[in-house]
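Engineer: A structural model of the following input is requested.
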Amino acid sequence: MEQVMAKKKVLIVDDEPNVRRLSRTILSKKYDIVEAEDGRQALEIANVQLPDVILMDMMMPQMDGLTACYAIKNDPVTQSIPVIMVTAIGFELNIKLSEQMGASGYVTKPFTQEDLFDKITQVLEMVRD
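Structural biologist: Numbers count the residues shown, from 1 in each chain. Reported below is the predicted structural model:
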């Protein structure tokens, strides 16, 4: 009997519906997708759904991505979930802040399909090692 591999789950967190839709369209070919509109919603969903990886926008209302990433990384239930920060501003400072908050990677908008798949694959392989 053939072993069916379950799809990995990706939580897409972005306050812009168009960005979530684009990310979902790209990633749903390979991954199960869950969505959140802001950092606070991301924390709730991450605790319940336990995604394999989180794609987190950096600048959002309610709770920004860096704060949410820090909270996820400091919660025993979610701390092992890799977080990839997504932002329109690829400053060195943003990269450093992301790393300090516990992010496993970084993608700059506008991103390509390859950017997303490559970064998610890279981060998921880091978790397996």
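Engineer: the strands in the protein, which residues?
Structural biologist: Here the chain has its strands, by DSSP state E, at 9-13, 32-36, 53-57, 83-87, 105-108.
Engineer: dump the ones you listed into TSV; add mean pLDDT as well.
Structural biologist: Putting those into TSV (pLDDT from 0 to 100) gives the following:
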stretch	mean pLDDT
strand 9-13	98
strand 32-36	98
strand 53-57	97
strand 83-87	93
strand 105-108	90
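Engineer: for the ones you listed, state which one has the densest average packing.
Structural biologist: With neighbours taken as mean count of other C-beta atoms under 10 Å, those reach their highest mean count in strand 53-57, at a mean of 28. To be clear about C-beta, it is placed using only N, CA and C from the backbone, and glycine gets the same treatment.
Engineer: which among the strands of the chain is found nearest to Ser98?
Structural biologist: For the strands of the chain, proximity to Ser98 was assessed by C-beta to C-beta; strand 83-87 is nearest, at 4.2 Å.
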